[in-house]
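Novice: attaching a predicted model along with its sequence, questions to come.
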Amino acid sequence: MVSIEPSATKDDVRAAYAAVVDYHNNLVQMRFTVAGLFLAANGFLASGFFQSSVSAMPRAALPVLGMVLAAICWLLEVRTYQLLENLGARGHDLEASLGLQQGQGFFSLMEHQPIGPRLPLTRLRLPANRVVRYLVSHSFGIGLLYTFIGMFWLIMLVVRA
């Protein structure tokens with residue numbers, strides 16, 4: 001027996017849109033929470049690593065633990081970014097279903113920022129090209145954070161081992 005589902009009503013589309021926006025915002029909050037916890041955990045590892053009374057075994061284990069932590073958090077960031085991209089695509093589709101004009105919806109605004117980045121403490125605005133948008137992004141900054149701290153632990157493992 002074939003079941004025929006009724007088409008979605010405007011209220012259904014609005015509810016789906018609200019859910020997608022909410023999930024998107026929760027993922028953004030989560031990625032910064034993970035980055036903050038990552039920094040705190042690395043501060044804890046570094047304080048143990050640089051103590052003079054640490055034996056040889058933990059001195060080698062702490063950098064390995066730091067690199068593993070960096071790899072895990074980086075993988076979480078990769079997955080979160082993928083989810084955010086998928087939510088963005090779904091959000092655009094829902095905005096079209098709702099009849100929103102370009103620039104009226106949340107995901108439209110996230111994709112096309114009307115005002116370019118400004119250098120802190122100045123009035124200078126950077127050009128709004130793809131390279132600048134990529135370099136001045138949370139994803140690039142968080143990726144650098146995980147990469148540099150992972151490299152730091154690799155260097156500490158090689159130098160101090």
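Specialist: Good, I have the coordinates.
Novice: what is the least confident helix or strand in this structure?
Specialist: Ranking every helix and strand in the chain by mean pLDDT, DSSP states H and E puts helix 130-135 at the bottom, with a mean of 85.
Novice: quick one: the strand or helix carrying Pro58 to chain centroid distance?
Specialist: Here Pro58, judged by DSSP states H and E, is contained in helix 56-97. Counting by Cα atoms, centre = their mean, to the nearest Å, helix 56-97 is centred 7 Å from the centre of its parent chain.
Novice: which helices and strands does it pack with?
Specialist: helix 10-49, helix 106-111, helix 138-160 (3 or more Cβ pairs under 8 Å, 6 or more residues apart in numbering; DSSP states H and E). Glycine gets a C-beta too; all of them are placed from N, C-alpha and C.
Novice: quick one: buried residues of the longest one?
Specialist: When neighbours are counted by 16 or more other Cβ atoms under 10 Å, the buried residues of helix 10-49 are found to be 13, 16-17, 20-21, 24, 31, 34-35, 38, 41-42, 45-46, 49.
Novice: so where's this structure shaky on pLDDT?
Specialist: 1-6, 161 (pLDDT under 70).
Novice: can you tell me how far the residue nearest to Phe140 when sequence neighbours are not counted is from Leu154?
Specialist: Closest residue to Phe140 apart from its sequence neighbours, by Cβ to Cβ, 6 or more residues apart in numbering: Tyr134 at 6.0 Å. As judged by Cβ to Cβ, to the nearest Å, Tyr134 and Leu154 stand 25 Å apart.
Novice: comparing those two, which residue is more hemmed in?
Specialist: Shown here are Tyr134 and Leu154; by other Cβ atoms under 10 Å, Leu154 has more neighbours (15 against 10).
Novice: out of everything not next to it in sequence, what's closest to the more buried one?
Specialist: Nearest one to Leu154, counting by Cβ to Cβ, 6+ apart, is Met67 at 6.0 Å.
Novice: which residues touch that neighbour?
Specialist: If you count contacts by Cβ atoms under 8 Å, 6 or more residues apart in numbering, Met67 has them with 150, 153-154, 157.
Novice: repeat that for Ala71.
Specialist: Going by Cβ under 8 Å, 6+ apart, Ala71 touches Gly150.
Novice: roughly how far apart are it and Thr9?
Specialist: From Ala71 to Thr9 the distance is 46 Å (Cβ to Cβ).
Novice: and stretch 127-139, how far apart are its ends?
Specialist: 19 Å (Cα to Cα, to the nearest Å).
Novice: any idea how many residues pack against Ala89?
Specialist: Using other Cβ under 10 Å: Ala89 sits among 13 other residues.
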